[in-house]
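Visitor: Quick one, structure for this:
(one chain, ligands or ions: 2)
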Amino acid sequence: MRRKEKRLLQFAGLLIAALLFLPNVGLWSLYRDRVFDNSPDTVDGPGGIPVIQGLNRMGKDAQVGRDGVRRKDWHDYDAIKRDASRSGNGEQGKAFPLSEADRVDQAYRENGFNIYVSDRISLNRSLPDIRHANCKQKLYGEKLPNTSIIIPFHNEGWSSLLRTVHSVLNRSPPQLIAEVILVDDFSDKEHLKVALEEYMVRMPKVRILRTKKREGLIRTRLLGAAAAKGEVITFLDSHCEANVNWLPPLLDRIAQNRKSIVCPMIDVIDHDNFGYETQAGDAMRGAFDWEMYYKRIPIPSELQKEDPSEPFESPVMAGGLFAVDRKWFWELGGYDTGLEIWGGEQYEISFKVWMCGGRMEDIPCSRVGHIYRKYVPYKVPGGVSLARVFTFGWREDIRVGDPMHTKKVCFDAISHNSPVTLYDCHGMKGNQLWRYRKDKSLYHPVSNSCIDSSPTERRIFMNTCDPGSPSQQWLFERTNATVLERFNRGNN
Ligand code: UD2
Ligand code: MN
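Guide: Numbering: from 1, shown residues only. Ligands and ions are numbered 1, 2, ... in the order given. Model (predicted):
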């Protein structure tokens with residue numbers, strides 16, 4: 001009896017040892033599959049610091065780089081596996097098969113994207129992992145700062161807003177999310193009131209704040225930032241989907257340099273069918289043109305990184321999606337609170353970062369999808385104050401059009417008694433050169449005449465300048481009289 005027991009014990013001991021240590025069956029093999037698969041002998045840690053596999057291993061997928069920082073693999077392999085097994089409408093970021101009935105205008109009207117399609121895709125849908133292959137091996141600081149996620153919204157669709165929140169919670173290590181702050185910019189849609197609050201009761205990390213009047217996205221973001229408690233604040237638009245392991249690469253850069261403002265790569269969620277795709281090319285950086293339109297332009301080859309998955313600098317950010325050390329954000333003065341409703345804030349913050357000794361980076365291993373809308377669905381208070389404005393361009397012409405969709409047409413006159421017409425802007429002054437004078441006239445140096453108007457005939461035309469005539473007086477908002485005067489004196 002005793003011998004039998006002893007044998008049994010011996011056998012059990014052997015079995016345990018085999019499970020633990022045998023190369024191809026043991027627990028070790030599971031572990032190895034997770035950590036070592038595809039890894040070269042040495043891999044680059046963040047910032048290109050080589051870490052030696054095996055030698056400096058700290059146990060479960062942690063390593064110490066030569067800089068003494070412990071780094072680990074932040075991938076959530078269980079979640080990745082779960083996502084991979086999902087199938088159905090829009091899963092794996094696939095385009096939803098649209099029928100003609102789905103394309104009706106009504107589907108787009110309220111949100112600027114097809115809400116019918118959005119409503120038929122799971123709030124937890126899976127996305128394709130379209131990161132550069134090197135991203136799968138990257139390790140990031142074992143100790144990273146936590147972040148508040150701030151999501152401003154104005155009349156956002158139910159499913160698009162919730163999918164943003166779900167994707168963030170599903171694809172971020174919980175210990176890195178201090179909270180998710182939804183900031184409602186005075187929406188009037190019913191679903192964003194009690195229903196939203198009831199829904200969020202089951203998500204203890206989510207807080208809802210509301211503005212007391214329509215503030216526009218800049219002051220709405222600021223309200224969220226002021227309430228945030230996380231070490232880092234991360235801004236997202238209210239119609240985004242965070243992709244696999246998006247957060248650690250952002251926080252890691254801030255952990256290394258608190259004055260880095262970092263942006264994920266923004267992928268495109270199609271506004272018709274919700275297919276998830278990359279934007280044309282990753283080797284692009286932010287820029288803007290003379291009309292201050294944001295653009296992405298190719299990075300010259302001599303400035304491109306050898307490893308395209310490494311962070312790279314960008315002069316200006318797109319605006320909506322970025323992470324910043326919370327204290328550094330306030331040291332920069334946050335956003336200018338005078339910025340209204342939409343636009344321009346990305347330049348303000350970008351310029352301040354560079355001028356104050358910070359840096360701005362795009363992080364290829366961090367990807368977030370964003371629905372680029374078909375058109376802007378919300379109203380801008382104060383009427384259509386943005387559209388049909390006339391602006392003096394830097395070329396001293398007068399341009400017509402909503403600053404976001406500039407039709408590049410300019411005031412043009414061919415003689416001292418011709419009508420004023422609109423003509424493609426050529427930027428060569430001549431017939432398109434105008435002076436706004438102290439007496440509020442619009443002077444045309446080429447023909448030595450001024451713009452006159454006939455309200456009854458509803459037309460404007462060139463006429464002999466008559467400083468006393470009210471029909472030749474024009475009011476431009478936001479002009480600086482001193483600068484204008486000095487300028488005109490210098491040019492006449
Ligand atoms: C881009 C940016 C956006 C912002 C904007 C202005 C990306 C992907 N998007 O255009 O974040 O920087 O440029 O420069 O970089 N919102 C309000 N109140 C308003 C208007 C908007 O809370 O009065 C919210 C809106 O629900 C959204 C966010 O602000 O969550 C940005 O607005 P958008 O999505 O209309 O801007 P978008 O993507 O066209
Ligand atoms: Mn947006």
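Visitor: what residues does the stretch 51-200 of the chain put near ligand 1?
Guide: By CB under 6 Å from any ligand atom, the residues of the stretch 51-200 of the chain that approach ligand 1 are 152, 153, 154, 156, 185. Any C-beta I mention is one placed from the backbone N, CA and C, and that applies to glycine too.
Visitor: One more pass at 5 Å, please.
Guide: Applying CB under 5 Å from any ligand atom, one finds that the stretch 51-200 of the chain approaches ligand 1 through 152, 153, 154, 185.
Visitor: got the contact list for residue 115?
Guide: Residues near residue 115 by CB atoms under 8 Å, 6 or more residues apart in numbering: 107, 108, 157, 159, 160.
Visitor: among these, which are in helices?
Guide: Judged by DSSP state H, helices contain the following of the contacts of residue 115: 107, 108, 159, 160.
Visitor: Including distance to residue 178, pLDDT and neighbour count, could the residues you listed go into JSON lines?
Guide: Shown next, in JSON lines, are the ones in helices among the contacts of residue 115 (distance: CB to CB, whole Å; pLDDT from 0 to 100; neighbours: other CB atoms under 10 Å):
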{"residue": "107", "distance to residue 178": "36", "pLDDT": "79", "neighbour count": "19"}
{"residue": "108", "distance to residue 178": "35", "pLDDT": "83", "neighbour count": "19"}
{"residue": "159", "distance to residue 178": "25", "pLDDT": "97", "neighbour count": "21"}
{"residue": "160", "distance to residue 178": "24", "pLDDT": "97", "neighbour count": "24"}
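Visitor: what does the model give residue 65 for pLDDT?
Guide: Per-residue confidence (pLDDT) for residue 65: 81.
Visitor: Hmm, it is touching residue 71, no?
Guide: Yes. Using CB atoms under 8 Å, residue 65 is in contact with residue 71, at 6.0 Å.
Visitor: More neighbours: those two, which one.
Guide: residue 71 (25 against 19; other CB atoms under 10 Å).
Visitor: how close does the more buried one sit to ligand 1?
Guide: 30 Å (CB to the nearest ligand atom, to the nearest Å).
Visitor: hang on, that residue in a strand?
Guide: Yes. Secondary structure of residue 71 (DSSP: H, G, I helix; E, B strand; the rest coil): part of a strand.
Visitor: wait, it sits on residue 62?
Guide: Yes. Residue 71 is in contact with residue 62 according to CB under 8 Å; the separation is 6.8 Å.
Visitor: okay, and the common contacts of the two?
Guide: 139, 142.
Visitor: Tell me where the model's unsure across the stretch 301-450 of the chain.
Guide: 379-387, 389-395, 401-407 (pLDDT under 70).
Visitor: please redo it, this time with the cut-off set to 90
Guide: 301-306, 318-319, 335-348, 373-410, 419, 421-429, 435-440 (pLDDT under 90).
Visitor: just the helices in it please.
Guide: For the stretch 301-450 of the chain, the helices defined by DSSP state H, counting those that start in this stretch cover 326-331, 345-355.
Visitor: What lies in contact with the last one?
Guide: With contact meaning CB under 8 Å, 6+ apart, helix 345-355 is reached by 217-218, 221, 259, 261, 286, 288, 292, 294, 315-319, 332-333, 335-336, 339, 359-360.
Visitor: Narrow those residues to those that are buried.
Guide: Neighbour counting by 16 or more other CB atoms under 10 Å classes 217-218, 221, 259, 261, 286, 294, 316-319, 332, 335, 339, 360 among those as buried.
Visitor: Out of these, which comes closest to ligand 1?
Guide: residue 319 (2.5 Å; CB to the nearest ligand atom).
Visitor: That closest one is in contact with residue 294, isn't it?
Guide: Yes. Between residue 319 and residue 294 a contact is recorded at 7.1 Å, counting by CB under 8 Å.
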